[in-house]
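*Asks:* Kindly return the folded structure for what I paste below:
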Amino acid sequence: MQEERFPGHPFLPYLLILPSVAVIVIFLVVPFIQSARGSFFMTSAFGTRTIYVGLRNYIALFHSSYYLHSVLTTLIFAGFVIIIGLAISLAIGLLLNQKIRWQGFYQVALIWTYALSPAVAGTIWALMFAPATGIVPFVVARLFGGYVLNWMTDGQVALLVVSAAATWKMLGYNIIFFLAGLQNIPKELLEAARVDGAGPWRVFWKITFPMLSPTTTFLLFVNMLYAFFQVFGLIDIMTQGGPGNATNILVYKLYRDAFIYMNSGSADAQSVIIFIVIAAAAVVQLRVATRKAVYAR
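*Replies:* Just a heads-up that it's a prediction; the model follows:
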């Protein structure tokens with residue numbers, strides 16, 4: 001007979017998780033259901049009239065060049081944040097995992113970026129790249145013979161700067177987990193590989209990186225969510241989607257359609273599409289990555 005974990009209190013586990021479940025239902029499930037329902041309607045600006053339009057909001061989105069441009073911009077932005085960000089974070093984690101002087105200071109100095117809010121991070125980068133007073137345009141002008149770096153009028157430069165700012169904001173979080181994963185790799189495996197004559201590059205690809213696969217899988221998922229959902233404050237502070245919609249990623253376009261243009265039906269449809277795409281990508285990513293992950297220690 002199996003022994004009860006909570007003798008005399010069979011409902012205690014359910015009571016303990018009830019607050020968390022309630023928060024998820026109230027702030028995630030219910031709004032999603034409301035958005036899914038609202039995506040099939042067209043509402044007047046002040047909500048005085050609602051008309052059922054079926055799939056018209058979805059069809060209009062996929063026939064809109066502005067929306068398709070926003071999708072492409074988001075993919076470029078997310079690809080930069082995920083690929084470049086994780087590569088840099090892993091490289092820094094490998095350096096911090098070495099026995100170097102002032103190691104603790106470097107760890108704290110590189111990790112503190114995650115403590116900043118997106119709005120603060122956006123303000124810092126906007127001031128650094130301000131065309132008239134920023135330190136970066138000043139240095140670029142000195143190095144390249146007076147070249148004026150004005151990211152407020154050049155869409156490609158603006159997207160690059162915003163992507164770099166978002167990547168920098170997430171570096172600390174990624175470094176923490178990569179460093180924890182590196183410190184959890186058995187030293188015996190690395191020493192045995194070196195004794196067998198394996199070089200640093202071969203040790204990294206054959207032992208270190210495969211052993212980091214669970215950490216990498218987790219960070220891929222977290223950075224994907226970050227790139228699609230959690231950069232609103234940074235975009236709003238730095239560019240507000242400009243110049244010329246060059247940085248108008250999906251989450252910011254959704255905000256503009258809902259609260260500036262008062263097109264709630266289209267905004268609801270966009271939120272449903274983002275949710276479905278991210279959920280499908282997360283499932284595929286986790287299944288594929290989990291099969292190749294090395295969990296044995």
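*Asks:* where are the low-confidence patches of the chain?
*Replies:* 1-9, 45, 47, 289-297 (pLDDT under 70).
*Asks:* In it, which residue is most central in space?
*Replies:* Closest residue to the average C-alpha location of the chain: Tyr226 at 2.1 Å, with CA atoms, centre = their mean.
*Asks:* ok now do that one, which residues does it touch?
*Replies:* 81, 166, 170 (CB atoms under 8 Å, 6 or more residues apart in numbering). Yep, even glycine has a C-beta here, placed from its N, CA and C like the rest.
*Asks:* Please enumerate the strands of the protein.
*Replies:* Ranges of strands in the chain, per DSSP state E, are 41-43, 50-52.
*Asks:* could the ones you listed be laid out in CSV, adding distance to Val108 and mean neighbour count?
*Replies:* As requested, the strands of the chain are exported to CSV (distance: least, CB to CB, whole Å; neighbours: other CB atoms under 10 Å):
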stretch, distance to Val108, mean neighbour count
strand 41-43, 50, 17
strand 50-52, 53, 10
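*Asks:* Could you point out which of these sits nearest Pro200?
*Replies:* With distances scored as CB to CB, the stretch of those nearest to Pro200 is strand 41-43 (59.9 Å).
*Asks:* And stretch 204-211, what's buried?
*Replies:* 204, 207-208, 211 (16 or more other CB atoms under 10 Å).
*Asks:* Between the two ends of it, what distance do you get?
*Replies:* 10 Å (CA to CA, to the nearest Å).
*Asks:* hang on, the earlier thing: return the subset of the contacts of Tyr226 lying in helices.
*Replies:* In helices, defined here by DSSP state H, the members of the contacts of Tyr226 are 166, 170.
*Asks:* which among the contacts of Tyr226 gets closest to Gly233?
*Replies:* Taking CB to CB as the measure, Gly233 lies nearest Ala166 of those, at 10.5 Å.
*Asks:* tell me the contacts of the closest one?
*Replies:* 77, 81, 85, 226-227, 231, 234.
*Asks:* quick one: it from Glu191, how far?
*Replies:* 38 Å (CB to CB, to the nearest Å).
*Asks:* now do the same end-to-end measure for stretch 181-192.
*Replies:* In stretch 181-192, first residue to last residue: 19 Å (CA to CA).
*Asks:* quick one: that stretch to chain centroid distance?
*Replies:* Remark: stretch 181-192 is offset 29 Å from the chain centroid, using CA atoms, centre = their mean, to the nearest Å.
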